[in-house]
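Engineer: sharing a model that was predicted from the sequence below.
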Amino acid sequence: MWTRISVVAALLPVAAFAQLPSYEPKYGNSGIDLGAMDTNVSPCSNFYQYACGTWRVKNPIPPDRARWSRFDELSEKNLELERDILEKAAQPSPTRSALDQKIGDFYAACINEPAIERLGIAPIEPQLDQIDGLRSKEQLAAVLAKLGGAGINGIFRFFADADSMDASRNIANIDQGGISLPDRDYYMKTDPASVDIRAKYEQHVALVFGLLARARNAQWDSNARAAAVLRFETALAQNSMDRVARRNPDARNHPMPVKDLPDLIPDFQWSVFFTAEAAPAFQKMNVGNPEFFRKLGDLLKQTSLDDLKSYLTWRALLDSARAMPKAFVDENFEFFGRTLTGAKEIQPRWKRCVEEADSALGEALGQKYVELAFSGPAKARALELVHEIESSMEQDIKTAPWMTEATKRQALTKLAAVSNKIGYPDKWRDYSSLAIRPDDFFGDELRASAFEVRRDLNKIGKPVDKSEWFMTPSTVNAYYSPPENNINFPAGILQLPFYNPTADDAVNYGAIGVVVGHELTHGFDDQGRRFDGAGNLRDWWTPEDAANFTQRADCIVNEYSGFSPVDGVKLNGRLTLGENAADNGGIQLAYAALMHDLANRVLPKTADGFTQEQLFFLGYAQVWCQNTTDAQARRLAITNPHSPGEFRVNGVVQNMPQFQEAFSCKLGDAMVAPKACRVW
Ligand SMILES: [Zn+2]
């Protein structure tokens with residue numbers, strides 16, 4: 001059982017933030033935000049509106065955001081907490097710890113805009129000189145490696161990752177990359193909105209080249225350079241696999257000996273590239289998308305050296321944009337913020353600096369964060385909940401009516417091998433070799449990027465370290481890792497409103513309980529099911545069970561393909577399949593865990609007028625209250641495998657007889673699917 005602390009309503013702190021909605025939740029005794037609801041609507045006709053309707057009216061999107069949600073509310077609180085930590089750490093003192101020096105000086109450098117203006121673009125000159133110095137395409141490999149070592153990605157990606165066939169070892173990987181818009185579709189779609197965004201992108205690139213020309217006292221045709229960038233990126237996009245195709249792990253798994261790389265692309269000097277990147281020596285690697293590299297050879301032949309230089313210059317400027325002088329930062333926001341996401345204002349400097357510190361030194365800042373936000377019994381309590389959800393999954397697999405015993409045994413073996421990581425790493429990352437200076441933000445960013453590249457590439461040929469985290473402790477999110485077969489819950493999400501120590505258990509099972517169930521179900525979604533308990537890409541399904549899975553999954557694909565987040569746009573049911581399956585399965589697991597828990601206890605029948613079952617569903621739905629700009633909704637429909645909040649709620653409950661019983665919904669109501677989908 002997941003211990004419940006109190007049923008008495010507590011006065012919950014509501015911080016006031018400049019620019020943010022001045023919304024005050026009205027938590028009832030149960031922990032549900034009664035003030036968020038719209039009770040003029042029947043829960044059976046639109047449960048999302050019923051649970052979140054008033055919240056949505058009272059929470060307009062802040063001008064520096066493209067979306068405002070319960071997740072963002074919590075992220076903002078975490079940002080505030082981290083700002084306090086960073087400001088204190090930034091005070092120079094002879095007794096300051098090495099950790100405080102790193103995070104404090106990083107933040108101080110970032111916040112110091114006059115120093116950044118004084119330096120101008122000087123810090124990026126060495127990279128730009130390297131690009132300008134390209135005399136022939138034979139030198140491209142060496143220049144790409146040098147830029148890559150500084151964290152500037154051009155043309156393709158090179159990184160370490162677990163070997164799909166032996167997930168205990170890391171191998172080298174190369175994969176498609178090199179585009180700057182959020183998805184390959186942006187370069188190809190011919191509808192008016194997409195054509196308009198492309199035109200604005202080209203204009204933006206030209207403006208940035210104009211800024212660079214002024215800063216370097218150079219003269220060139222910025223429009224021509226922007227056109228060359230768009231041409232080259234469009235070709236890279238056309239040669240790339242789309243997001244749906246990449247959901248199939250087989251499509252990304254092409255192990256080959258390094259010596260065979262010239263078969264794909266004869267003229268590229270791979271040995272020069274790998275040596276200049278200072279990667280450990282290796283013989284075997286994985287090529288994520290061989291077709292991309294096969295076509296790259298011709299593309300490089302057809303592209304002039306000048307156009308390649310324009311492209312690389314643009315990529316260097318883009319990857320450095322956040323550390324550049326204000327003119328560059330503002331122009332970057334105009335396109336990537338305002339045009340692409342619909343945000344009206346750039347985030348205040350301090351927020352950007354906290355985010356930069358979290359991204360560059362996340363496991364240093366994170367140590368301080370967890371001391372403040374995740375101490376005491378929080379970790380043990382979360383682990384208890386995870387174990388309960390895991391037992392739910394065990395029962396769920398054992399009783400699945402559509403699976404044969406042989407596949408069930410394999411699934412149970414995989415489930416037993418799942419490991420749980422809660423809150424923060426057992427062993428913190430060592431940043432001692434990374435030099436941080438209080439007056440050199442650009443340099444700090446560059447050194448931090450180089451540190452990360454080096455840390456990553458050094459994994460090649462080494463055993464996979466499953467204790468490593470791929471999110472920082474303050475992150476309001478969670479993940480499942482297929483090759484490591486583990487579920488990971490950063491301290492940042494184990495907070496109100498996901499976990500509320502004063503709320504009824506039913507509310508917490510609906511909120512954080514479903515998050516846990518969601519991550520666990522990822523191990524068995526359309527991608528996760530392709531990996532075994534050891535994390536290897538191995539087919540452990542009988543053909544009959546695999547066919548049953550696909551049929552059940554197709555029901556979810558069809559359901560979500562019918563949802564429209566914004567006029568004229570439909571969700572992509574195949575792109576969002578894994579997340580939707582995880583939502584639909586995860587809520588079943590958390591609900592079963594709550595029922596198991598309630599069976600052993602005597603509780604008041606109702607709280608705030610709701611039954612325990614109703615509280616569970618309200619707890620779930622209220623995590624997903626959100627508002628999104630139209631521009632951002634369009635972008636997310638193309639790029640985001642997660643469905644928007646409205647459909648994460650209504651899409652899920654309409655498949656659940658338990659929901660319909662809880663709220664006495666009838667066939668014919670919108671929240672009762674005539675043909676309910678269920679995988680897990
Ligand atoms: Zn997920």
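Structural biologist: That came through, no problem.
Engineer: any stretches of this structure with poor pLDDT?
Structural biologist: Scanning the chain for pLDDT under 70 picks out 1-19.
Engineer: which positions in it make contact with the ion?
Structural biologist: Remark: the part of the chain in contact with the ion comprises Glu579, Ala582, using CB under 5 Å from the ion. Any C-beta I mention is one placed from the backbone N, CA and C, and that applies to glycine too.
Engineer: kindly recompute the last result at 6 Å.
Structural biologist: By the criterion of CB under 6 Å from the ion, the positions of the chain lying close to the ion are His518, His522, Glu579, Ala582.
Engineer: which of the residues you listed tops the neighbour count?
Structural biologist: Ala582 (28 neighbours; other CB atoms under 10 Å).
Engineer: where does that one fall, helix, sheet strand or coil?
Structural biologist: For Ala582, the assignment made with DSSP: H, G, I helix; E, B strand; the rest coil gives helix.
Engineer: Gly578 and Ser392, how far apart?
Structural biologist: Separation of Gly578 from Ser392 (CB to CB, to the nearest Å) stands at 20 Å.
Engineer: do Ala599 as well
Structural biologist: 13 Å.
Engineer: now Glu371
Structural biologist: If you measure Glu371 against Ser392 using CB to CB, the figure is 32 Å.
Engineer: looking at those two, which is more packed in?
Structural biologist: Under the criterion of other CB under 10 Å, the comparison of Glu371 against Ser392 puts Ser392 first, with 24 against 11.
Engineer: confirm that the more buried one sits in a helix.
Structural biologist: Yes: Ser392 forms part of a helix when assessed by three-state DSSP.
Engineer: so what's it up against?
Structural biologist: Ser392 is in contact with Gly517, Gln588, Leu589, Ala590, Ala592, Ala593, His596, counting by CB atoms under 8 Å, 6 or more residues apart in numbering.
Engineer: among these, who's most crowded?
Structural biologist: Taking other CB under 10 Å to define a neighbour, the member of the contacts of Ser392 with the most is Gly517, carrying 32 neighbours.
Engineer: mind checking what secondary structure the nearest residue to Asp163 once chain neighbours are set aside has?
Structural biologist: Spatially, and ignoring its direct neighbours in sequence, Asp163 is nearest to Ile171 (4.5 Å; CB to CB, 6 or more residues apart in numbering). With three-state DSSP as the basis, Ile171 sits in strand.
Engineer: same list (the residues of the chain next to the ion) but as CSV, adding distance to Arg315.
Structural biologist: Below are these laid out as CSV (distance: CB to CB, whole Å):
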residue, distance to Arg315
His518, 35
His522, 32
Glu579, 30
Ala582, 34
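Engineer: restricted to strands, list those residues.
Structural biologist: Using DSSP state E, no member of the residues of the chain next to the ion falls within strands.
Engineer: identify those among those residues that sit within helices.
Structural biologist: For the residues of the chain next to the ion, membership in helices holds for His518, His522, Glu579, Ala582, with DSSP state H as the criterion.
Engineer: thought the first one was touching Asn584?
Structural biologist: No: with contact taken as CB atoms under 8 Å, His518 and Asn584 are classed as non-touching, separated by 9.3 Å.
Engineer: and stretch 205-212, how far from the chain's centre?
Structural biologist: Remark: stretch 205-212 is offset 30 Å from the chain centroid, using CA atoms, centre = their mean, to the nearest Å.
Engineer: for stretch 210-221, that is, sorry about that
Structural biologist: Taking CA atoms, centre = their mean, the mean C-alpha location of stretch 210-221 is offset from the chain mean by 36 Å.
Engineer: cool, and stretch 402-415?
Structural biologist: 30 Å.
Engineer: and whichever strand or helix holds Ala382, what's buried?
Structural biologist: Under the criterion of DSSP states H and E, Ala382 resides in helix 378-399. Buried positions in helix 378-399, judged by neighbour count with 16 or more other CB atoms under 10 Å: 378-379, 381-383, 385-386, 388-390, 392-393, 396-397.
Engineer: what's the answer for stretch 227-245, then?
Structural biologist: Going by neighbour count (16+ other CB under 10 Å), the buried part of stretch 227-245 is 227-230, 232-237, 239-243.
Engineer: check stretch 294-312 too.
Structural biologist: Of the residues in stretch 294-312, those scored as buried under the neighbour-count criterion (16+ other CB under 10 Å) are Lys295, Leu296, Leu299, Leu300, Thr303, Asp307, Leu308, Lys309, Ser310, Tyr311, Leu312.
Engineer: what's the strand or helix carrying the third one in contact with?
Structural biologist: Same thing as Leu299. When secondary structure is defined using DSSP H and E, the element that contains Leu299 is helix 290-302. For helix 290-302, the external contacting residues (CB under 8 Å, 6+ apart) are 137, 140, 155-156, 174-176, 232, 235-236, 239-241, 254, 256, 261, 264-268, 287, 308.
Engineer: try it again at 6 Å.
Structural biologist: Under the criterion CB atoms under 6 Å, 6 or more residues apart in numbering, residues Gln176, Ala235, Asn239, Ser240, His254, Leu264, Ile265 lie in contact with helix 290-302.
Engineer: likewise stretch 373-387?
Structural biologist: Contact with stretch 373-387 is made by Trp2, Asn420, Ile422, Gly423, Ala491, Leu494, Val516, as judged by CB under 6 Å, 6+ apart.
Engineer: just the ones of the residues you listed in helices?
Structural biologist: Val516.
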